[in-house]
Every structure is written in structure tokens, then in C-alpha cells.
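Novice: Prediction below, plus the sequence it came from.
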Amino acid sequence: MAIFLQLLFTGIGIGAVYSLVALGFVLIYRATNVVNFAQGEFAMLGAYAMVVLTEDVGLPYWAAIPISLVAMGVIGALFNLGVYYPLRHRSFLPVVISTIGASILLTNSVLVGYGPAPESLPGMFEFPGFQVGEVFLDSQYLLIIAVTILLVAFQYFFFEHTLLGKKMQATSQDKEMASLLGIPVARMIMLTFIYSAILGGLAGILVAPILFVSVGLGSQVALKAFAASIIGGFGDVTGAIVGGLSLGIIETFGAAYISVPYKDAFAFLVLFGFLLIRPQGIFGEKVAQKA
Amino acid sequence: MSTRHMTACALVALALGYGVASQASAGEIKIGMVTPITGPAAESGKYAQIGANMAIDEINAAGGVNGNKLTLVVEDDQTTNPGAVAAFSRLASQSDISVFLGSIRSTQVDAMSPDIVKLGKPVFIGGTAPQLTHQGNQWLFRCRPNDSYSARVIADFGVDTLGLKKWAVVHSTDAFGTGGMTALVAALKTHGLEPTLVQGYPNQSPDFSAVVLAVKSSGADVIGSYFTFENDLGIFAKQLKQFGVQAKWVGSPSITTSTALKLAGPSLYGTYGIADFAADSSPEAKAFDAKYQPIAHVPADNFGSWTFDAVHIAAKAMADAKTTEPAKVRAAILAIKGYKGVEGTYNFDQNGDGLHGYNIVRNDGGKIVFDKHVEYND
């Protein structure tokens, strides 16, 4: 039983990591109908910003977090201006390819600027975690789970109960109609990229103490997060969370009780299953309407 | 023969690689290097280049090879097998490259091996999967001891010195990890032992809880490991501590690298490792470490040491052969006996393996401390 509970906690923890990154995918998709394949790199940049600020500049950990997030907001704005805005009138594919190109550019820019050495970032708390019976609760995973819950609540409230959130949704569903209604479409999209980059950066800061900081940090989780978004229903906040948590739990239990080497296969088998049987995902009605 | 015919013949000869391959006149000798500049192992690639360039600087300062200066031509393998094959292909198309430094990762050497056979020029490798030099590829020369030795040292040390009998073998499922696991299981068999657990894992895993819990459930009192990437090793080490696994740990060389020490920190205190490079194992190793640290800003490890030795051995072989012609250089490499490198004393056998033993080291509060060297005669 202790092993089962330990696996469940770890599965939820790693699933929350996928969910956090998946939230960024969903946010951009809801606002622009575009999949941003550089979302993982936002996480990587957020983690590197922390390393630079805490180790190179010498700032205290808690002071470095808001500065890193502001920096990520600026990067999000620049990303919008450089990667999305020039192609905003083009079809889906050129924009997606543009984000893939940006992902490669960001990865290699960090490689050139900071070097290939992976770095370790300390956790946000001094204590490593709690021992409850035979189950160890990692403090960093607990924090990730807590932040994920808060962000879900925030995003739900934001999109469903604020004018700004509704404007962003309207922009996503029909840009021309939104524009005719007086919604500043370009500004809405800019805000979405800024928030999405901050969200990605926050995910990177949170997972860095577990996965270490390297240029591969983003790609290490982004692919699973993307799969989680599809399983949950692309474009749906609740779907991203449920998809991420499901994927984390499935692969952790699959690894423990079936086969560790095929761990990644379980996640993608679930993805294939959904694509075949329910391509719109668990909460996918809105995606079906958009399509 | 008209001037046009002579020019045409010269061009054909150059295209066939004769122009440079057999030259020994003043000029330069190019060494091609396939190494990760991007991807998860990019840091190790940086150290590999530092080691190779240190050797080249030493050799050139001493007059070069047969009056020629050595230069290094580097291609990025992107830490992937297709990247390694493409990088080697780009280098192989340059007919004026005489010898090559291949990868430290067995899986990439495996991927490049057919092209190496086709090219027919000496390629030095750091990959330690035993089969690499035992499959009839006569152009591979290994400047690290292979895992048939590492596995024996791990098993002998764990069983005879630590007195531990219940083994969990944890390994990457790539060519290196699988080769190491096979060799370690075989080595344990010579002690009359069957591992209580043999557990593979895929590279670049964000979570090792299933592996750690399997080790815990197995009741093993010692872990023998073959990790390919240090970030995987770091996550495993941290979760091992978190889940309260008390087993001793004797790891393959990745447990001793500077990157592993930095990432895993206290989680690796008290562990044992086998290392082809250990700064205190010989005067040559100590001198290399002293020169390497100011350049790399980290203590020397096997990433830099094997390329340093490979360049020196390539230079020695070309100097001994007095040519860069591949067949003669190959014969000169195989004739090298008793050469004291920084990794150990090289005695090349007919398979192309230069080293036949390992150092045992332990992590003493984050510092790698040399324990002893174990040499085999086979």
C-alpha cells in the first residue's frame, strides 16, 4: 500500500508538471488558435533566469522570482512581435512552423550565451519534504501541485468571470467579430503571449529543482504536456489539468507495474487511443466547435 | 602527358584521398572530431574539446607530427545517433582528415560504425560497450577501458571488498547501459551470484520513482549502475535518498564526473565509482588535472582525459609510422605498448582496446578520492 501511495503522489506530482506546461499551450491556443511549440522553451528560459539572478547576480531566491517572471513577460511580448504578429494573417501551419523555429533559436541562444553545463537550482524550501508513514512527500512536488491548483482557479475565474478574459476568448473564437465589437485584438493577443510566457517561466522555476536546469529542460516536458493537452481536449483549461495528471499517473504506474523502459510508450499509447476513439479529448466540445 | 591530363590525374588522385593521406611533408594534419556541441550531453562535448586541444597545443609546441602541425575539425553530433552519423559523414567527406575522434557514447559509435568501416581510417572512441571493438571493425581504437573490465571491477569490489551479495543492477536501455548490464550480470555470475533486480530505464527520464521503489522492494544491499546521462543519475540519486534506500552504490564512471557531482551534490556522498580517469592515479593524470582545471574551471574527468590521450596516441602512431596512410597508422597504433597516458598505461590489443583496467574511487563529501587501480591481463 505504501508503494501504491508513493507512486500515486509522484504520479500526481509529475502530472502537475505536465499540467503547468500544458496550461501555457491551452492559453495561447484559446487566444490565437495556434499551437506554440516554444512553450517548453519558456519554461527553460524561466529556469535560466533564476540561475542567472541567484548565482551570477547574487540576488536572494525570493527576490529573483518576480524579476524572472517580469523578464518572461518581456520575452512573451517580444515573442508575439517577432514570431506571431508578422504571420498573424497566415494560416495555422506557417505560424506553428514559426514557433518551432523560435524554439530552436531560443534553445541555441541559451546554449551560446550560457554554455552547455546543466545547473542545479535549489528548491523553494529548505526542507526536502515530509515523511508520512512510509510515503515521502517531496516539498517541491507539493508546491507544484498547490501552484497548479491556484492557477487553474485563477484561469477559470479569469476566462469565465472577467471582461478581459471574455475579450480574450472572443478574440480566439472570431477575430473579425471581436474587432467589430471594439475589442483591441492585437492587444489581447499580446497580453496572452505575455501571460503565457510568465506561466511557462513559472513552470520552469518550479520544476528546475527536480529536473535541473539545462537547455533540454523545456523539450523534456513539453512533448508530454502537449500530449496531455490533446488528451484533455485542446483548448480546455480543465482538460489540460486532467490530461496532465492522468498522463503522470498512468506513466508512473505503468513504469512501476508493467515496464520502466516502456514508460514513455504508455503515455503515447493513451494519446493514440484518444486520437482514434475521442480525438477531441476528454473535455473537447469547444475544440470541435472551433474546428 | 599533356598539362590537361596531368591536372585531371592530379584531381582524380586528390578526390581519391591520395594527395593528403600519404603525405608527410610540411603542412598540417587534420584530426576530425565528432562530439556533442548541442543536446543534453553538450557539456561533456566542451570538455572533450578542451582535452583534445590541450594535446594538440602540446604536440604543436613540440614541433608537431613529422613536421606538420595538428589541427582539429569539430562537428556537432547533437547528442543523437542520427546527429553522430551526419557529423561523421561531413568529416569523412573531407579527404584531408587523417584520423578521427569518435564519440564517448557507445550508442553513437554503434550508429557510426558501418560508415567507419566504409571509410577505412582510424577512429578513436571513448564508448565503453565491449562489443564495439569485437565486431570486426578494424578501424576503431578505444582510449578507455571497456565495460567487460568495468563490470568486473564493480562486481569484484562490491563482493570482495564491501562483502555485499544482494545486487540491484540499474542501467540505461541504450547500447552503453545494456552492454554494461550484460557484463555486470556475467561478472556477478563468476562470484556465483544472480542479481535480485535488473532494472533498465529510458534516457532523459523526469522521474525515477518506479526504479527506486523497485530497488527498495528488491531488498538489495548494493546497487551496480550504468547511467549514460548525469541528469538522470542526479534525479535517481536524489529520489534514492528521499525514499530511504540504504543500499551501497557502485556506479560506472558517470557517477564520478564533475557534472554528476554538481547536480546530485550530497545525494552522492559515500557512493563508490569506477573511473578510467582519477587525478591521483598517476603522475601523468595529476599533471593533466593541474593543467586542465584552469582552462575548464572544473576538475578533470574522463570527458577531457580520453580525447587528450587519443590525440597523443594518434600523433605517436603517425610519427612512428612516418605517414598518415591509414593501414600503416593502424599498425602503429596496435604496436603501442606501455604508453603512459593520463587514463592509464596503454597496451593495445588486436581488437583495438588500449586500456585493460579501472580505478576505484569514492565520493568523500563531494570530492572524488582515489582508492586503487585494478588491472587485468586479458
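Specialist: That came in fine, so what should we check first? Residues are numbered from 1 along each chain as shown, chains lettered A, B, ... in the order given.

Novice: hey, let's count contacts and neighbours off CA atoms from now on
Specialist: Noted.

Novice: Return the set of buried residues in the longest helix along chain A.
Specialist: For chain A, the helix reaching the highest residue count under DSSP state H is reported as helix A:2-32. For helix A:2-32, burial by neighbour count (16 or more other Cα atoms under 10 Å in any protein chain shown) applies to A:3, A:6-32.

Novice: How about stretch A:111-118?
Specialist: Under 16+ other Cα under 10 Å, the buried positions of stretch A:111-118 are A:111, A:115-118.

Novice: now swap in stretch B:118-135 and tell me
Specialist: Neighbour counts using 16+ other Cα under 10 Å place B:119-133 of stretch B:118-135 among the buried residues.

Novice: Tell me which of those residues fall in strands.
Specialist: Among the buried residues of stretch B:118-135, the ones falling in strands (DSSP state E) are B:123-125.

Novice: What ranges does the chain have for its strands?
Specialist: No chain in the question, so chain A it is. Going by DSSP E, chain A shows strands at A:129-132, A:135-138.

Novice: my bad, chain B
Specialist: B:27-35, B:68-76, B:97-101, B:123-125, B:140-142, B:167-172, B:197-201, B:222-226, B:248-251, B:272-275, B:337-340, B:345-347, B:357-364, B:367-375.

Novice: chain center to the fourth one: distance?
Specialist: The gap between the average C-alpha position of strand B:123-125 and the chain average comes to 9 Å, counting by Cα atoms, centre = their mean, to the nearest Å.

Novice: That strand: partners in the sheet, and parallel or antiparallel?
Specialist: Strand B:123-125 pairs in its sheet with strand B:97-101 (parallel), strand B:140-142 (parallel), by DSSP bridges.

Novice: Run a quick neighbour tally on B:Lys340.
Specialist: Neighbour count of B:Lys340, defined by other Cα atoms under 10 Å in any protein chain shown: 15.

Novice: what's across from it in the sheet?
Specialist: Here B:Lys340, judged by DSSP bridges, has bridge partners B:Thr345.

Novice: so it makes contact with B:Tyr346?
Specialist: Yes - using Cα atoms under 8 Å as the test, B:Lys340 is close enough to B:Tyr346 to be in contact (6.3 Å).

Novice: Got the phi and psi for A:Phe37?
Specialist: Main-chain torsions, A:Phe37, degrees, to the nearest 10: phi -80, psi 0.

Novice: Against chain A, how distant is B:Asp77?
Specialist: B:Asp77 sits 14 Å away from chain A, going by Cα to the nearest Cα, to the nearest Å.

Novice: my bad, should have said B:Val369
Specialist: 23 Å.

Novice: need the contact list for the residue lying closest to A:Gly232 once chain neighbours are set aside.
Specialist: Ranked by Cα to Cα, 6 or more residues apart in numbering or on different chains and with sequence neighbours excluded, the top spatial neighbour of A:Gly232 is A:Gly239, at 3.6 Å. Residues near A:Gly239 by Cα atoms under 8 Å, 6 or more residues apart in numbering or on different chains: A:229, A:231-233, A:281-284.

Novice: Can you read off the pLDDT for A:Gly239?
Specialist: On pLDDT, A:Gly239 comes in at 86.

Novice: Distance check, it against chain B.
Specialist: For A:Gly239, the distance to chain B equals 22 Å [Cα to the nearest Cα].

Novice: And that residue, how far from A:Val26?
Specialist: Remark: distance between A:Gly239 and A:Val26 (Cα to Cα, to the nearest Å) = 9 Å.

Novice: can you list residues touching both of those two?
Specialist: A:Ser229.

Novice: For burial, what's the neighbour tally of residue 143?
Specialist: Answering for chain A, as no chain was given. The local packing of A:Leu143 (other Cα under 10 Å) involves 18 other residues.

Novice: Sorry, I should have been clearer: chain B.
Specialist: For B:Cys143, using other Cα under 10 Å, the count is 31.

Novice: residues contacting it?
Specialist: B:124-126, B:306-307, B:309-310, B:353-355.

Novice: can we see that at 6 Å?
Specialist: Each residue near B:Cys143 by Cα atoms under 6 Å, 6 or more residues apart in numbering or on different chains is listed here: B:126, B:306, B:354.

Novice: give the contact list for the second one.
Specialist: Right, B:Trp306. Per Cα under 6 Å, 6+ apart, neighbours of B:Trp306: B:Cys143.

Novice: Walk me through the regions of chain B where pLDDT falls short of the threshold, as ranges.
Specialist: B:1-26 (pLDDT under 70).

Novice: Those residues of chain A touching chain B, which are they?
Specialist: Residues of chain A lying close to chain B (Cα under 6 Å from any Cα of the partner chain) are A:116-117, A:120, A:255-256, A:260-261.

Novice: which pair in those residues spans the largest distance?
Specialist: A:Pro116 and A:Ala256 (32.2 Å; Cα to Cα).

Novice: returning to what we had before: of all the contacts of A:Gly239, which comes closest to chain B?
Specialist: Chain B has its nearest neighbour among the contacts of A:Gly239 in A:Ser229, at 18.4 Å by Cα to the nearest Cα.

Novice: Can you report how many residues lie near the nearest residue to that closest one once chain neighbours are set aside?
Specialist: In space, and not counting its chain neighbours, A:Ser229 is closest to A:Ala240: 4.7 Å by Cα to Cα, 6+ apart. Residues lying near A:Ala240 (other Cα under 10 Å) number 36.

Novice: same check, this time on the one 5 residues further on
Specialist: Residue neighbour count, defined by other Cα under 10 Å, stands at 25 for A:Leu245.
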